[in-house]
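Asker: Dropping a prediction and its sequence here:
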Amino acid sequence: MNTVVVYTSKYGSTEKYAQWIAEALGCKAKKLSELSSKSLSAFDTIIYGGGIYAGAIAGFKKFLSKLGSNDNKTLALYIVGLTDPQKQDAYTEIADKNIPPEWKNRFKVFAFRGDQRFSRMSTMHKLMMRVPKSMAEKKPPEQRTEDDRMFIENFGKDVLLSDKGFILPLVDYIKSAE
Ligand SMILES: Cc1cc2nc3c(=O)[nH]c(=O)nc-3n(C[C@H](O)[C@H](O)[C@H](O)COP(=O)(O)O)c2cc1C
């Protein structure tokens, strides 16, 4: 099978996962910006990965426009965020919001945990990270969720949470679809 991992990554976590997946499947990993619609159409199995930014999956709309309306491909989506992937509801909500209705049943979705690279963040992103932290701080401590505590504790830090083990269900899914 002709497989490719396509990704959009701002600070490297989604790229790292793309390389791990490509290595496990013996295929290539490519940045979305490096692929045209025509070059994408050559693949039978396409895995797209994007980091989550304020609930949006980076590059996913552009990826869909490059993909066109091809029905014959095996498609998988992995999304990378700071929320604990054990909290499937949070990721299901993000997938629901980001995948247009006509694509809903076409993608098998996987959620992975990424790193927070505060030291590399743009000024805009550092400012944006203040919002969930301030909201969390306004809540009485006993009402704070795990994410709230994480936003407070991790603000300003580099926190490395990526783990190669997360890719296994995706790799198994692709291997069984091939
Ligand atoms: C401005 C900003 C907004 C973010 N919003 C979310 C979010 O809504 N949910 C989440 O789980 N992670 C969120 N994150 C964390 C990123 O998804 C996480 O750091 C991920 O590893 C980024 O992947 P990348 O480095 O490949 O782009 C946000 C990070 C930044 C900088």
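Answerer: Good, I have the coordinates.

Asker: all helices for this protein, in order.
Answerer: With DSSP state H as the criterion, the chain has helices at 13-25, 37-40, 60-67, 88-98, 123-138, 146-154, 168-177.

Asker: Tabulate the ones you listed (JSON lines), appending distance to Gly51.
Answerer: Where you see a C-beta, it was placed from the backbone N, CA and C, and this is true even at glycine. Converted to JSON lines, those look like this (distance: least, C-beta to C-beta, whole Å):
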{"stretch": "helix 13-25", "distance to Gly51": "5"}
{"stretch": "helix 37-40", "distance to Gly51": "20"}
{"stretch": "helix 60-67", "distance to Gly51": "10"}
{"stretch": "helix 88-98", "distance to Gly51": "11"}
{"stretch": "helix 123-138", "distance to Gly51": "11"}
{"stretch": "helix 146-154", "distance to Gly51": "16"}
{"stretch": "helix 168-177", "distance to Gly51": "16"}
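
Asker: among these, which is the most enclosed?
Answerer: helix 13-25 (a mean of 21; mean count of other C-beta atoms under 10 Å).

Asker: rank the helices of the chain by mean pLDDT and give me the bottom one.
Answerer: Here the lowest mean pLDDT among those goes to helix 88-98, at a mean of 90.

Asker: what's the spatially most central residue of the chain in contact with, if anything?
Answerer: Geometric centre of the chain, nearest residue: Ile79, 2.1 Å, by C-alpha atoms, centre = their mean. The contact partners of Ile79, by C-beta atoms under 8 Å, 6 or more residues apart in numbering, come to 49-52, 57, 91, 94-95, 98, 109-112.

Asker: again, only this time at 7 Å
Answerer: Gly50, Ile52, Ile57, Tyr91, Ile94, Ala95, Ala111 (C-beta atoms under 7 Å, 6 or more residues apart in numbering).

Asker: isn't the fifth one right next to Ile52, touching?
Answerer: What it means is Ile94. Yes - if you go by C-beta atoms under 7 Å, Ile94 and Ile52 touch, sitting 6.0 Å apart.

Asker: Give the residue farthest from the middle of the protein.
Answerer: Most remote from the centre of the chain, using C-alpha atoms, centre = their mean: Pro140, at 31.1 Å.
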